[in-house]
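Q: quick one, what's the 3D model for this:
(2 chains)
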2 protein chains.
Amino acid sequence: MKQQIAVITLGITDIERSKDFYINGFGWHALHEDADTVMYQMNGFVLSTWLQSELEDDISLGDLPRGGALTLAHNVDSPNDVQTYMKRLAEHGGKILRPADSPSHGGVRGYISDPDNHIWEVIYNPVWKVDNQGQVTFAPST
Amino acid sequence: MKQQIAVITLGITDIERSKDFYINGFGWHALHEDADTVMYQMNGFVLSTWLQSELEDDISLGDLPRGGALTLAHNVDSPNDVQTYMKRLAEHGGKILRPADSPSHGGVRGYISDPDNHIWEVIYNPVWKVDNQGQVTFAPST
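A: Numbering: from 1, shown residues only, chains lettered A, B, ... in the order given. Down below sits the predicted model:
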């Protein structure tokens, strides 16, 4: 099977609140939007935000928690951008979980949750390559 | 900011159990592995599986739930592949949440959780384009 993920779907509870974070906070634009979902074209896949009740109906499970042990990392271009972008995201409904600092393995990163508690890492990583299309290539330190 | 996610990190509790699902179940190969993490090169980003205790230390939060309201969708090439691959994943530690069937908007999909309860959708979607590199382009029905 291909090493492929087509869609990441986040269960959300308030479309407008979520849009404020992703559109005004991240500065992204939506490519599809209807009454219960907003989708964003990412680097080779789609990020979908979908009303949690409908996502749960589709899975056939209910009362799923949000804010679990799963993080989405967004790379930025400079160390200072981490704090700048986290501040902006916090102004649009994000909650800072860990302010930007430098882990022992290098770079700068912080953690912030979206208005539905999904956890994002904002990170400056000087090692991994990100091309102009946002494609990320694995490049572990040797 | 770029519409970009560099890494999806899944908190896991047993490296070998998780590897059985991703390497033997999905048939993927790891590009990096150490005592607490296994990483996979995906379509333009990296999927990382990391011991949850270390992920929580990095975020500065504890006792995060797994199996929350967030799904990762893997596209397959034919309707019959959905059931075939779900069966294989279930043989490697996956738990079927919803057997393959056809939603009203078309295609075939099922849901299965990995051994740490992270929820995957296995889906045949005849509308969205997936190129040979696994890159997915948003193509909503008109």
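Q: all helices of chain A, in order?
A: If you assign secondary structure with DSSP state H, the helices in chain A sit at A:15-19, A:52-59, A:79-90.
Q: which one of these lies closest to chain B?
A: Closest to chain B of the helices of chain A is helix A:52-59 (CB to the nearest CB; 4.8 Å). Glycine gets a C-beta too; all of them are placed from N, C-alpha and C.
Q: other SSEs contacting that closest one?
A: strand A:7-12, strand B:95-101 (3 or more CB pairs under 8 Å, 6 or more residues apart in numbering or on different chains; DSSP states H and E).
Q: quick check: angle from that helix to strand B:95-101?
A: 80 degrees (axes from the mean of the first three to the mean of the last three CA atoms, to 10 degrees).
Q: pull the residues that contact helix A:52-59.
A: Here helix A:52-59 makes contact (CB atoms under 8 Å, 6 or more residues apart in numbering or on different chains) with A:9, A:11-13, A:36-37, A:62-64, A:66, A:116, B:69, B:71, B:97-98, B:103, B:111, B:119.
Q: how about that helix, which residues are buried there?
A: A:Gln52, A:Leu55, A:Glu56, A:Asp58, A:Ile59 (16 or more other CB atoms under 10 Å in any protein chain shown).
Q: cool, stretch A:109-129 as well?
A: A:109-125, A:128.
Q: which of these fall within strands?
A: A:Arg109, A:Gly110, A:Tyr111, A:Ile112, A:Ser113, A:Ile119, A:Trp120, A:Glu121, A:Val122, A:Ile123, A:Tyr124 (DSSP state E).
Q: any chance of those residues in CSV, with pLDDT and distance to A:His32 too?
A: Below are those laid out as CSV (pLDDT from 0 to 100; distance: CB to CB, whole Å):
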residue, pLDDT, distance to A:His32
A:Arg109, 97, 30
A:Gly110, 97, 30
A:Tyr111, 98, 28
A:Ile112, 97, 25
A:Ser113, 97, 24
A:Ile119, 97, 24
A:Trp120, 97, 21
A:Glu121, 97, 26
A:Val122, 97, 25
A:Ile123, 95, 27
A:Tyr124, 94, 30
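Q: contacts only, for A:Ser78.
A: So A:Ser78 contacts A:Tyr124 (CB under 8 Å, 6+ apart).
Q: separation between it and chain B?
A: Distance of A:Ser78 to chain B, computed by CB to the nearest CB, to the nearest Å: 12 Å.
Q: got a quick PyMOL command for the buried subset of the contacts of helix A:52-59?
A: Selection of the buried residues among the contacts of helix A:52-59 in PyMOL, burial being defined by 16+ other CB under 10 Å:
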select buried, (chain A and resi 9+11+12+37+64+66+116) or (chain B and resi 69+71+97+98+111+119)
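Q: ok, the buried residues of helix A:52-59 vs B:Gln4, which is closest?
A: Distance to B:Gln4, by CB to CB, is smallest for A:Leu55 among these, at 23.2 Å.
Q: pLDDT at that closest one, what is it?
A: pLDDT for A:Leu55: 97.
Q: now A:Phe138
A: pLDDT, A:Phe138: 69.
Q: ok, back up a step: give me the subset of the buried residues of stretch A:109-129 touching chain B.
A: A:Tyr111, A:Asp116, A:His118, A:Ile119, A:Glu121, A:Ile123, A:Asn125, A:Trp128 (CB under 8 Å from any CB of the partner chain).
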